[in-house]
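Trainee: Here is my input, please return the structure:
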Amino acid sequence: MPLGRSSSPAKVPYRHYSASKNYAVKSICKQLVKKRPFLEKYIKQEIEAMNLLKHPNLVIQERVIESTPTTISANDYYFMVLEYCDLGNPLTHQAKIKTKCFPLKEGLEILSQIMHGLRVIHEKNYIHRDIKSENVLIKSSERGRIFKIADFGFARPVKSGTASTVCGTQKYMAPEILKNLPYTRSVDIWALDILFLFMLFADYPFKGHDLLFDI
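Mentor: Numbers count the residues shown, from 1 in each chain. Here you go, the predicted structure:
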């Protein structure tokens, strides 16, 4: 059973005892969605994207469960049952390094794994739109650490080739998003570059109040 619930999207640990396997559960309150209709669009897009996008370097969605009100809780929830990544994200490990910077060799190894996952996203004609350190999770395995792209809340198909919604995390946004212009999947590559530079230098290349001026 879930170990916790939230009125806003949140991940909590979950253990399937019959399978002796750990999962992460992202809980989303339906009442919150009803109050903010725009959220429903992103939730459905996230579920659809995760059902389609499968790769060792992408977090896997195992299933989606919809709850109904009970005597314990008067609210309905969506529960997204996700693959459990037990080693946090790159920021967790970067903070433990004395220099706060990944060595180049390690940074390139991490970058390579993320690129494998991003390639699948783009081959399926999707755009992620929120590539950043916090959205890369790490899972331990017999082969070592596996880096996986997570959080597909802003992901959407781009069959027309372009998108126009301003979304993402500002320090990782490409100039065309900041200018409110149509953009392509290349904005994910820009964000990946920012992520890589942060791993190497523990700082963002563009961070002023006016990011466009900095760029």
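Trainee: Helix or strand with the lowest mean pLDDT in this structure?
Mentor: One helix or strand of the chain scores below all others by mean pLDDT, DSSP states H and E: strand 10-16, with a mean of 52.
Trainee: Downstream of that strand, the next helix or strand is which one?
Mentor: Sequence-wise, the next helix or strand downstream of strand 10-16 (DSSP states H and E) is strand 21-29.
Trainee: in its sheet, what does that next one sit against?
Mentor: Note on strand 21-29: by DSSP bridges, its sheet partners are strand 10-16 (antiparallel), strand 77-83 (antiparallel).
Trainee: list the buried ones in it?
Mentor: Neighbour counts over strand 21-29 (16 or more other CB atoms under 10 Å) mark 23-29 as buried. Where C-beta positions appear, they are placed from N, C-alpha and C, glycine not excepted.
Trainee: Now K35. Its backbone dihedrals?
Mentor: Phi and psi for K35, reported as degrees, to the nearest 10, are phi -80, psi -20.
Trainee: how many neighbours does it have?
Mentor: Per other CB atoms under 10 Å, the neighbour tally for K35 reads 9.
Trainee: Make 44 the first number, not 1, from now on.
Mentor: All set: I'll call the first residue 44, so the last point we hit is now K78.
Trainee: Can you give me the distance of it to D194?
Mentor: Distance check for K78 against D194: by CB to CB, to the nearest Å, it reads 22 Å.
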